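Student: got a sequence here, can you build the structure:
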Amino acid sequence: MVKLVCTLFTNFAKYGNPTPDSSLGVTWPEYDANEYYGKIAETLTVGKKLGADSVKFWKSIFEEAGLGFD
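Tutor: From the prediction side, this is the model:
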């Protein structure tokens, strides 16, 4: 994991992109409104909308209370 993190940071510093090629088996997406995220563990995985279920729950609580959720 340490080697992976060092590679990601080094690539970002050199190329402005943590995954400039396919050597890590995944492409780290640029930040956008779709809320992509990278999970760094023994391998690198990319997901979308981390915690979407939690946000949906809390948004419903705010709406039920008549409060805005922004």
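Student: in the host helix or strand of Lys3, what counts as buried?
Tutor: Here Lys3, judged by DSSP states H and E, is contained in helix 2-15. Judged by neighbour count using 16 or more other C-beta atoms under 10 Å, the buried positions of helix 2-15 are Leu8, Asn11. Backbone N, C-alpha and C define where each C-beta goes, glycine included.
Student: helices or strands up against the helix or strand of the chain with the lowest mean pLDDT?
Tutor: Lowest mean confidence among the helices and strands of the chain (mean pLDDT, DSSP states H and E): strand 36-40, at a mean of 79. In terms of contacts (3 or more C-beta pairs under 8 Å, 6 or more residues apart in numbering; DSSP states H and E), strand 36-40 is packed against helix 2-15, strand 44-48.
Student: outside of it itself, list whatever touches it.
Tutor: With contacts defined as C-beta atoms under 8 Å, 6 or more residues apart in numbering, strand 36-40 is touched by 1, 4-5, 8, 18, 28-29, 44-48, 50.
Student: related to what we said a few turns ago, where among the helices and strands packed on strand 36-40 is average confidence lowest?
Tutor: Of all these, strand 44-48 carries the lowest average pLDDT, namely a mean of 83.
Student: direction included, what does that strand pair against?
Tutor: strand 36-40 (antiparallel) (DSSP bridges).
Student: please save the CA atoms from the strand it pairs with in CSV.
Tutor: These are the backbone C-alpha positions of strand 36-40, laid out as CSV (Å, rounded to 0.1, in the frame of the first residue of the first chain):
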residue,chain,number,x,y,z
TYR,A,36,-16.0,9.9,-8.5
TYR,A,37,-13.5,8.8,-5.8
GLY,A,38,-10.5,6.6,-5.6
LYS,A,39,-10.1,4.0,-2.9
ILE,A,40,-6.5,3.3,-2.0
